[in-house]
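Q: I'll drop the sequence and a predicted model, then ask my questions.
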Amino acid sequence: MAGLDDVFGELFSSVDAIMLFGPSGSYYEQFAETEDIDAIVVGTENEVGAEVFVELPLEFDDVSERIRFGLEGALEQDIVEDGDEIVCATSVFGDEIDTISRVRANSSSRTGIYDLFSKSRAEPQVIKAVLELAIELGQKGQKGKPVGALFIVGDAGKVMNKSRPLSYNPFEKSHVHVGDPIVNVMLKEFSRLDGAFVISDAGKIVSAYRYLEPSAEGVDIPKGLGARHMAGGAITRDTNAIAIVLSESDGLVRAFKAGELILEVDPEAY
Ligand SMILES: Nc1ncnc2c1ncn2[C@@H]1O[C@H](COP(=O)(O)OP(=O)(O)OP(=O)(O)O)[C@@H](O)[C@H]1O
Ligand SMILES: [Mn+2]
């Protein structure tokens, strides 16, 4: 019978780089001493003082998300190249590294999600919560019917100055934040109605029913989409906010930043 090395050895053959997710100091040392392979440390902080480091904006519990994110960050920073074979070492069951997974860096499957999280003004947890909410809304719709929604996240003061109310603001005197389960129910309910939600850097819901009046010129949006996407995209050129948009017509969730479409996800595939 073949030994484990014969069976699993393939995992380690012709590897271009190793990504260590949140390694302990002693774990990292072992790699620092081996000359023949590049070790890339990935984590929320560079606790081991690694030379090559990719920062995660938040802890991802889901391992595939964590790895996808780390890879995209490494591609972004030109630490790995398209087609590189990468071995990822991470922990699933405890604090110690207990899991190895082999992936190929693929720049064409880059989504823009790293850029969205790591270089935006709003807090990463807030962006994550709003993105997840939009995806969930896209999956479920409102009572089975497709709905659209527009969330403007970050730089809320400026966004408020470049918009006006379409109706009374149900969040006027409240201090509620995204991510809170009750708030998600409220947001889903209000998403049936017109206009945009305005959310602060820290996740406070500043307003619903805002009609955006960006002064920026229109932006390039995919054909078939209209005023919601145009206004959402344009406000991100005018301010340091990002826009997360769920389309009622094609069901996709898109994110805009600095006037550019940087992320497009299909909620059904998520
Ligand atoms: N400037 C704006 N600010 C806020 N909300 C807007 C603005 N313009 C349009 N909307 C909202 O978007 C809704 C849909 O408009 P429209 O169909 O033109 O957008 P769209 O980009 O095609 O989006 P969808 O794909 O969801 O249809 C409107 O009913 C309105 O609630
Ligand atoms: Mn439309």
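A: Alright, I've got the coordinates. The structure presented is a predicted model; accordingly, all values stated were derived computationally and were not measured. Ligands and ions are numbered 1, 2, ... in the order given.

Q: name the spans of this protein whose pLDDT lies under the cut-off.
A: For the chain, applying pLDDT under 70 flags the ranges 1, 35, 270.

Q: select the longest strand from it.
A: Looking across the chain with DSSP state E, the single longest strand is strand 205-212.

Q: is any part of the helix or strand following it close to ligand 2?
A: Per DSSP states H and E, strand 205-212 leads on to helix 227-238 as the next helix or strand towards the C-terminus. No: Helix 227-238 does not reach ligand 2 (Cβ under 5 Å from the ion); its nearest approach is 6.7 Å. Every C-beta, even on glycine, is put in place using the N, C-alpha and C of the backbone.

Q: any residues touching whichever helix or strand comes after helix 227-238, and which ones?
A: The helix or strand immediately downstream of helix 227-238 is strand 242-246, counting by DSSP H and E. Residues outside strand 242-246 that contact it (Cβ atoms under 8 Å, 6 or more residues apart in numbering): 116, 120, 122, 127, 130-131, 134, 137-138, 147-154, 191, 228-229, 232-233, 235-236, 252-257, 267.

Q: rerun that using 6 Å as the cut-off
A: Outside strand 242-246, the residues that touch it by Cβ atoms under 6 Å, 6 or more residues apart in numbering are 120, 130-131, 134, 137-138, 148-153, 229, 232, 236, 253-257.

Q: between the longest strand of the chain and strand 242-246, how big is the angle?
A: 80 degrees (axes from the mean of the first three to the mean of the last three Cα atoms, to 10 degrees).

Q: go through strand 205-212 and flag the buried ones.
A: For strand 205-212, a neighbour-count test (16 or more other Cβ atoms under 10 Å) marks 205-210, 212 as buried.

Q: for the residue of the stretch 151-270 of the chain found nearest ligand 2, give its distance to residue 235.
A: For the stretch 151-270 of the chain and ligand 2, the shortest gap (Cβ to the ion) falls at residue 226, measuring 4.2 Å. Using Cβ to Cβ, to the nearest Å, we find residue 226 at a distance of 15 Å from residue 235.

Q: can you report how many residues neighbour residue 10?
A: A total of 10 residues lie near residue 10 under the criterion other Cβ atoms under 10 Å.

Q: what's the answer for residue 51, then?
A: Counted with other Cβ under 10 Å, residue 51 comes out at 11.

Q: for the residue nearest to residue 212 when sequence neighbours are not counted, grab the count of nearby residues.
A: In this structure, residue 212 finds its nearest non-sequential neighbour in residue 231, 4.2 Å apart by Cβ to Cβ, 6 or more residues apart in numbering. Residues within reach of residue 231, counting by other Cβ under 10 Å, total 25.
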